[in-house]
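Trainee: no sequence for this one, just the structure:
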């Protein structure tokens, strides 16, 4: 489990670095409905399982959120450790330097 958390956090950092080098402008997100689980409150690691089978792991501090008419950045109030929460996640596919691509979650609504 600790190795998974480290890998997800490293992916988030890579996503932020790559994202900061992209040209400015309006970029639509892919939005998927599914279930989010806060796996570890201390590290902020959460997982998402979309209805279409999309699986994402992310650091809750790295996403913008909206919940119950409120909006914010980091620590979505709707997430509790170990609890499944119906949610929508907005993510963007980012091309990586090695030629591959990876989805990076940027927004959560629950």
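Mentor: Thanks, I have the structure now. These figures come from a predicted structure and were not determined experimentally. Residues are numbered from 1 along each chain as shown.

Trainee: which residue ranges of the chain form strands?
Mentor: With DSSP state E, the ranges of strands along the chain come out as 30-40, 45-50, 55-59, 64-67, 70-73, 84-95, 101-109.

Trainee: partner strands of the third one, with direction?
Mentor: Sheet pairing for strand 55-59, assigned by DSSP bridges, gives strand 45-50 (antiparallel).

Trainee: so for the partner strand, mean pLDDT?
Mentor: The average pLDDT within strand 45-50 is 96.

Trainee: strand 30-40 and that one, what's the angle between them?
Mentor: 140 degrees (axes from the mean of the first three to the mean of the last three C-alpha atoms, to 10 degrees).

Trainee: got the angle for strand 45-50 vs strand 84-95?
Mentor: 90 degrees.

Trainee: can you tell me which of the strands of the chain is most buried?
Mentor: Ranked by mean neighbour count under mean count of other C-beta atoms under 10 Å, the strands of the chain are led by strand 45-50, which reaches a mean of 20. All C-beta atoms are positioned from the backbone trio N, CA, C, and that covers glycine.

Trainee: for this protein, which residues score under the pLDDT cut-off?
Mentor: Across the chain, the ranges flagged by pLDDT under 70 are 1-25.

Trainee: tell me the contacts of residue 31?
Mentor: Counting by C-beta atoms under 8 Å, 6 or more residues apart in numbering, residue 31 touches 88-90, 107.
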